[in-house]
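1. sequence and predicted structure below; questions after.
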Amino acid sequence: MKARYPESREERAQRAADFAKRLARASDGSLESATQPALPSTDELASRIAARMSAAAPTMATEAAAGAAAALAQAGHETALKLARAELRVDDLSNREVSGLEAVIAVTDRPAWFVEDNLPDTASYEASGLWIGLATAAEAKMIAVCRAVGCIMREVDGQRQPIGTGWLIGPCTLVTNAHVGVLLARLKPDAPSDDPRMGYRLRSDVKGFVNFSLEHAAKPSSEVAIEQVLYVEPSQVPDIAVFRIADDAPVLRGRPKIDLDLVERPVWEKANVFTVGHPIVDLQGDPNVATVFGALDGTKRLSPGKVSRILEGRTLAHDCSTTNGSSGSPVIDFGNYQAVGLHYFGKPGERNEAVLFAAIKAHAVLVKNLAQEWGV
């Protein structure tokens, strides 16, 4: 899926520079240091980056990973300090310097924690006290959110593969992106014009499943079959689809749904949020993905971040760490543990985008969900 609002090179450089300057100032004992991590030393940065690279590519030689990590760390560290000291202008940043800054940010304050037993393993990647505090503040609520999120799989010729993320908006209803949904459903040419399923039916050549317990540490499968397509947005604007899953599956008993936050807010910027998803292999060739995620194995991850802005009143831009496979992840507000958005695009170094639920509360999917018309 492509970004609907691609970030310009100037925006990308400014965003990275602003963050890096805050890191550098915090290392000098600024007032921000209570909630903002300080800039680590070059050696510490290189060590963190090399560890992620090695985890992402086990066949990569240790010396090669160390060399690449050292170069990124040196470039990012020096550039951050120069920006903080006003020795360098944002307009003068090279692409290499911007990449170095993003590598520093990735390993310093935008973790992608493994989820273990439906809780983020905050020891798996280092992060600031702010994120750790928020992620561990309400254990029961966090467990409920993580339990409601699963990896969507499709089976073709007996082979299963992860294709995205979905989550429960009702007892037996799963929401994801339309661009994920079309991998399981297709348009029926003779569907009536008033068809509530927008003409879509499950494909006969594939089978769909959702696994709610695909974690880094092996767990018994909590797999449920996808039995019916309820809605796929044909235009993919908004990028949303809903499926019914098997209602007699034992793993669904007592499994909570995630409530939607449909409240319009005058200010969204800086809101603390997180995504829960199933990142898989990077398809975009972005060198920062290995720095952020380490191994991409499709298992459940939790990524904290902030809302950066609302685009054209309907798209929520955020900076949680995501990649391919995160499509369909809920964007959860740390304040109320409700979903404020449905993530559909993300790439380190570019803007992350999500459907803003408050902007589409009149959409048929949300109206039916609130009226419980999808059934139980």
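-> In hand now; what should we look at?
2. can you pull the pLDDT of residue 286?
-> Here, the pLDDT recorded for residue 286 equals 61.
3. can you list contacts of the helix or strand residue 79 falls within?
-> Following DSSP states H and E, one finds residue 79 within helix 62-84. With contacts defined as Cβ atoms under 8 Å, 6 or more residues apart in numbering, helix 62-84 is touched by 17, 20-21, 23-25, 28, 39, 41-43, 45-47, 49-50, 53-54, 57, 87-88, 90, 93, 96-97, 99-104, 291. All C-beta atoms are positioned from the backbone trio N, CA, C, and that covers glycine.
4. closest to the centroid, which residue in the protein?
-> Centroid-nearest residue in the chain, with Cα atoms, centre = their mean: residue 322, separated by 3.8 Å.
5. separation between the nearest residue in space to that one that is not next to it in sequence and residue 230?
-> Distances taken as Cβ to Cβ, 6 or more residues apart in numbering place residue 346 nearest to residue 322, at 3.2 Å, with adjacent residues excluded. To residue 230, residue 346 is 25 Å away according to Cβ to Cβ, to the nearest Å.
6. more neighbours: which of those two?
-> More neighbours surround residue 346 than the other of residue 346 and residue 230, with 28 against 24 (other Cβ atoms under 10 Å).
7. show me the contacts for that one.
-> 320, 321, 322, 323, 326, 352, 353.
8. now, which of those sits nearest residue 182?
-> Each of those was checked against residue 182 using Cβ to Cβ; the closest is residue 326, at 17.3 Å.
9. I'd guess that closest one is in a helix, am I close?
-> No - per DSSP: H, G, I helix; E, B strand; the rest coil, residue 326 lies outside any helix segment and is coil.
10. I'd like the distance between it and residue 313.
-> 24 Å.
11. of the two, who's got more company?
-> Higher neighbour count among residue 326 and residue 313: residue 326, with 26 against 9, using other Cβ under 10 Å.
12. and the pLDDT at the more buried one?
-> 93.
13. can you pull up the bridge partners for the residue nearest to it when sequence neighbours are not counted?
-> Nearest non-adjacent residue to residue 326, counting by Cβ to Cβ, 6+ apart: residue 277, 3.8 Å away. In this entry, residue 277 is beta-bridged to residue 301, by DSSP bridges.
14. from memory residue 277 sits against residue 300, does it?
-> Yes - counting by Cβ atoms under 8 Å, residue 300 is a contact partner of residue 277 at 7.5 Å.
15. okay, and the common contacts of these two?
-> By Cβ under 8 Å, 6+ apart, the residues touching both residue 277 and residue 300 are residue 149.
16. picking that back up, so which of the contacts of residue 346 sit within strands?
-> Members of these lying in strands (criterion: DSSP state E): 352, 353.
17. most neighbours out of the contacts of residue 346, which is it?
-> Using other Cβ under 10 Å as the neighbour test, these are led by residue 322, with 32 neighbours.
18. return the residues in contact with that one.
-> By Cβ under 8 Å, 6+ apart, the contact list for residue 322 reads 112, 275, 277, 279, 303, 329, 343, 346, 347, 352.
19. list the contacts for the fourth one?
-> For residue 279, the residues meeting the contact criterion (Cβ under 8 Å, 6+ apart) are 112, 293, 296, 298, 301, 322, 323, 324, 325, 326.
20. for it, phi and psi?
-> phi -60, psi 140 (degrees, to the nearest 10).
21. follow-up on the earlier one: hmm, which of the contacts of residue 322 is lowest in pLDDT?
-> residue 347 (68).
22. mind checking pLDDT for residue 155?
-> According to the per-residue confidence, residue 155 scores 95 in pLDDT.
23. can you confirm it is in a helix?
-> No - per three-state DSSP, residue 155 lies outside any helix segment and is strand.
24. quick check: it touching residue 203?
-> No - counting by Cβ under 8 Å, residue 155 stays clear of residue 203, with 11.0 Å between them.
25. more neighbours, those two?
-> Between residue 155 and residue 203, residue 203 has the larger neighbour count (other Cβ under 10 Å), namely 16 against 13.
26. that one touches residue 182, doesn't it?
-> No - judged on Cβ under 8 Å, residue 203 makes no contact with residue 182 at a distance of 9.2 Å.
27. low-confidence ranges, the stretch 201-350 of the chain, go.
-> 281-292, 347-350 (pLDDT under 70).
28. please redo it, this time with the cut-off set to 80
-> Residues of the stretch 201-350 of the chain meeting the criterion pLDDT under 80: 281-296, 347-350.
29. which parts of it are strands?
-> For the stretch 201-350 of the chain, the strands defined by DSSP state E, counting those that start in this stretch cover 207-211, 223-232, 241-245, 272-277, 301-311, 315-318, 330-333, 339-345.
30. could I get those strands as TSV with distance to residue 264?
-> Converted to TSV, the strands of the stretch 201-350 of the chain look like this (distance: least, Cβ to Cβ, whole Å):
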stretch	distance to residue 264
strand 207-211	31
strand 223-232	23
strand 241-245	23
strand 272-277	16
strand 301-311	10
strand 315-318	12
strand 330-333	14
strand 339-345	11
